[in-house]
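Student: Here is a sequence with its predicted model. Questions after.
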Amino acid sequence: MLLRGSSAACYSSLGDHRRLSNPSARATLFLNFRRRPFPLPPLKQPMSSIPPRSSQTRALTGSADAVSSERKDDLPMHVLSNTKVGILGGGQLGKMMCQAASCMAIKVLTLDPLEKSPASGLSYCHVVGDFNDGEAVREFAKRCDLVTIEIEHVDAVMLEKLEQQGIDCQPKASTIKIIQDKYLQKYHFSQHGIPLPEFMQIDNIESAERAGSLYGYPLMIKCRRLAYDGRGNAVAHSKEELSSAVAALGGFDRALYVERWTPFVKELSVIVARGRDGCISCYPVVETIHKNNICHIVEAPADVPEKIKELSLDVAQKAVSSLEGAGIFAVELFLTGDGQVLLNEVAPRPHNSGHHTIESCYTSQYEQHLRAVLGLPLGDPSMKTPAAIMYNILGEDEGEPGLRLAHELIGRALKVPGASIHWYDKPDMRKLRKMGHITITGPSMNIVKARLDSMLNKDQSETTVIPQVAIIMGSDSDLPIMKEAAVVLKNFDVPFEVTIVSAHRTPDRMYSFASSAKKRGIQVIIAGAGGAAHLPGMVASLTSLLVIGVPVRTASLDGVDSLLSIVQQMLAIRILANGEAKLWDRVVKYQEVMKDTVLTKAEKLEHEGWEQYLKS
């Protein structure tokens, strides 16, 4: 195990940083948890040069008497800037964790086989060593107040021994051992009632053929260990392909198991945070789109019904609750055509499907992981932008040609509104290797997708303009009134569309228009209400967007009927929900509940008859 630079220099740096002869020379962040206790273990002294805790407190407060006897019964004051978090692994996840830690003055030490790993330039101290080397892990842990991971392929046996010696490891070694073995992982979750694809272990060709007879083909064959990003998976489409599929994975000596093929329609993911006190907080459900079995695009939030989101969150929470330890857990899911949500895999660390949270959520998954493992209050996981897409920069070629293509993509991304670029600075370019990612945020998924298309289009001379406002009317006779709205929007350079949507003549068109408006990027609908008067109300019943009704004067009631209809639909909550993702979800859920209520009543009325219905 090597320490980057000289070990003496690194120790000197650590020691100098903690000398506090002049406490006013630098600011130190204190957090007192007297109101809400969190089970933070006492910080151990990682080096002999660090003074005892009491002398540290005297140096920071100016007097030993400053710590009252009342605090002895409470958790000790936690000096966050003196906390050293050790990360096993120094890849891109470690790098982004270092970035989050720097905002809270948390010192991060990294252990990685590469001297110039992505996290090495940002970590407080980078140690060159193999995170599968038990002795290297043990020596590294001595320097840290707690140890966490950014990759699950570590020496879990050594972590278990370190825990027995009092070393704080989060998540727990027992969890990492379960996750490392995919068959054991599946078995564990099956014992806790988590819905899964059917699976079984195989150790010879006869057992593989039995699995094929039981589950049918195609049959998914997987390695139990060291399988990720599609590596370690093979598909047998028939009994005759079993031998070649097994051989492609290295044979039965590799330790294999099989899963029933899942005909999913979407792959979903939920990032779950679990605190040291057991509290759980979930990020919004996202959809992951893969390229060559590697996560390529993440859409947040996922375009699925609210019931599917609730089911996904329920599966994710139950899965994480069955494991031990604190931190971020990524729960990957399959959505089937008949509405089932099945667990695919769990990663006990920050995950590719959560990269978007840096820009799109109030608390990124990396900050949340640090909060969780340190026992700090968990942050707000909700989205602060209506839509986001994360695009993985995968190596398109080897070496310099691949780098040139990646940098051309980054150049185009710099011109895209709402785009944030993360380049991992890996030492060499390889085909399909994750080299970085780009997150694009915006007011709707349709707008964000259009921006992604613009970024991927090498010819950016033509850009698609997405309408933000829709002006609709029941008849072209309403146009003389509605054109005034178009004139104002044009003067303010607000992109808009004008069309005819009749509530009573083209109800199917009205339904299609209203239900797809949000997805297409529309943020406000201006609807003219003429003789029928119900266009704004009908459209408002089909979307959670703000619908502004415009009374159109008629020969009979002079527009009064239209105005009365419109006033009933002008809900202030729609205005607020248009810019707040959490409130938007609640409005959508409310509409679905109202719809279900009406359908239930209608079914009951038809079944019982109107006379019995009135009596009940």
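Tutor: On my side now, so go ahead.

Student: all helices for the stretch 401-550 of the chain, in order.
Tutor: Secondary structure of the stretch 401-550 of the chain (DSSP state H, counting those that start in this stretch): helices located at 445-456, 479-491, 507-520, 535-542.

Student: Kindly apply the preceding question to the stretch 101-250 of the chain instead.
Tutor: With DSSP H, counting those that start in this stretch as the definition, the stretch 101-250 of the chain shows helices at residue ranges 134-141, 156-164, 173-180, 182-191, 205-215, 242-248.

Student: what do you get for the stretch 251-400 of the chain?
Tutor: Counting by DSSP H, counting those that start in this stretch, one finds helices in the stretch 251-400 of the chain at the ranges 306-321, 357-360, 365-374, 399-413.

Student: what mean pLDDT does the first one have?
Tutor: Read that as helix 306-321. Averaging pLDDT along helix 306-321 gives 96.

Student: residues touching the residue nearest in space to the middle of the chain, list them.
Tutor: Among the residues of the chain, the smallest C-alpha distance to the mean C-alpha position (CA atoms, centre = their mean) belongs to G354, namely 3.2 Å. Applying CB atoms under 8 Å, 6 or more residues apart in numbering, one finds that G354 lies in contact with S269, I271, Y283, I328, A330, S364, Q365. Just so you know, the C-beta spots here come from the backbone N, C-alpha and C atoms, and that holds for glycine as well.

Student: count of residues packed around I522?
Tutor: The local packing count at I522 equals 24, with neighbours defined by other CB atoms under 10 Å.

Student: if we can go back for a sec, looking at the helices of the stretch 401-550 of the chain, which one is packed in the most?
Tutor: Stretch with highest mean neighbour count among the helices of the stretch 401-550 of the chain: helix 535-542 (a mean of 22; mean count of other CB atoms under 10 Å).

Student: which strands and helices sit next to it?
Tutor: strand 469-473, helix 507-520, strand 524-529, strand 546-551, helix 560-569 (3 or more CB pairs under 8 Å, 6 or more residues apart in numbering; DSSP states H and E).

Student: about what we covered before: quick one: closest of the helices of the stretch 251-400 of the chain to K291.
Tutor: Comparison of these against K291 by CB to CB identifies helix 399-413 as nearest, at 14.3 Å.

Student: Just the angle for that closest one relative to helix 445-456, thanks.
Tutor: For helix 399-413 against helix 445-456, the angle between stretch directions is 140 degrees (axes from the mean of the first three to the mean of the last three CA atoms, to 10 degrees).

Student: that older thread, output the helices and strands packed on helix 535-542 as a markdown table; include the columns mean pLDDT.
Tutor: A markdown table is the format used below for the helices and strands packed on helix 535-542 (pLDDT from 0 to 100):
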| stretch | mean pLDDT |
| --- | --- |
| strand 469-473 | 87 |
| helix 507-520 | 85 |
| strand 524-529 | 84 |
| strand 546-551 | 74 |
| helix 560-569 | 49 |
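
Student: For H290, find the nearest of those.
Tutor: Put simply, out of those the one that sits nearest H290 is helix 507-520, at 22.1 Å, with distance taken as CB to CB.

Student: one step back: export the helices and strands packed on helix 535-542 to JSON lines and tack on distance to M200?
Tutor: Formatted as JSON lines, the helices and strands packed on helix 535-542 follow (distance: least, CB to CB, whole Å):
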{"stretch": "strand 469-473", "distance to M200": "53"}
{"stretch": "helix 507-520", "distance to M200": "41"}
{"stretch": "strand 524-529", "distance to M200": "53"}
{"stretch": "strand 546-551", "distance to M200": "53"}
{"stretch": "helix 560-569", "distance to M200": "56"}
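
Student: A316 is nearest to which of the ones you listed?
Tutor: Closest of the helices and strands packed on helix 535-542 to A316 is helix 507-520, at 24.4 Å (criterion: CB to CB).

Student: List of residues touching the closest one?
Tutor: Residues outside helix 507-520 that contact it (CB under 8 Å, 6+ apart) are 303, 444-446, 466-467, 470, 472, 499, 501-503, 525, 535, 538-539, 542-545.

Student: Put the buried members of these into a PyMOL selection.
Tutor: Isolation of the buried members of the contacts of helix 507-520 (16 or more other CB atoms under 10 Å) is achieved in PyMOL through the command below:
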select buried, resi 444+445+446+466+467+470+472+501+502+503+525+535+538+539+542+543+544+545
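
Student: Contact partners for V154?
Tutor: Residues touching V154, when contacts are defined by CB under 8 Å, 6+ apart, comprise L88, G89, F131, N132, V137, I176.

Student: so where's the stretch 1-150 of the chain uncertain?
Tutor: In the predicted model of the stretch 1-150 of the chain, residues 1-79 satisfy pLDDT under 70.

Student: and if we set it to 80?
Tutor: By pLDDT under 80, the low-scoring segments of the stretch 1-150 of the chain are 1-81.

Student: if we can go back for a sec, including mean neighbour count and distance to V494, could the helices of the stretch 251-400 of the chain go into TSV?
Tutor: As requested, the helices of the stretch 251-400 of the chain are exported to TSV (neighbours: other CB atoms under 10 Å; distance: least, CB to CB, whole Å):
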stretch	mean neighbour count	distance to V494
helix 306-321	19	30
helix 357-360	24	24
helix 365-374	27	35
helix 399-413	15	25
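
Student: for the contacts of G354, which one is nearest H192?
Tutor: Using CB to CB, A330 comes nearest to H192 of the contacts of G354, at 17.7 Å.

Student: That closest one: neighbour count?
Tutor: Residue crowding around A330 was assessed by other CB under 10 Å; the count is 23.

Student: give the contact list for it.
Tutor: When the contact criterion is CB under 8 Å, 6+ apart, the partners of A330 are S269, V270, I271, V272, V346, A347, R349, P350, H351, N352, S353, G354.

Student: what ranges do the strands span in the stretch 151-300 of the chain?
Tutor: When secondary structure is read from DSSP state E, counting those that start in this stretch, the stretch 151-300 of the chain shows strands at 199-202, 219-223, 233-236, 256-260, 264-274, 280-282, 286-291, 294-300.

Student: can you give me the angle the second one makes with strand 256-260?
Tutor: In this structure, strand 219-223 runs at an angle of 150 degrees to strand 256-260, with the same axes, to 10 degrees as the basis.
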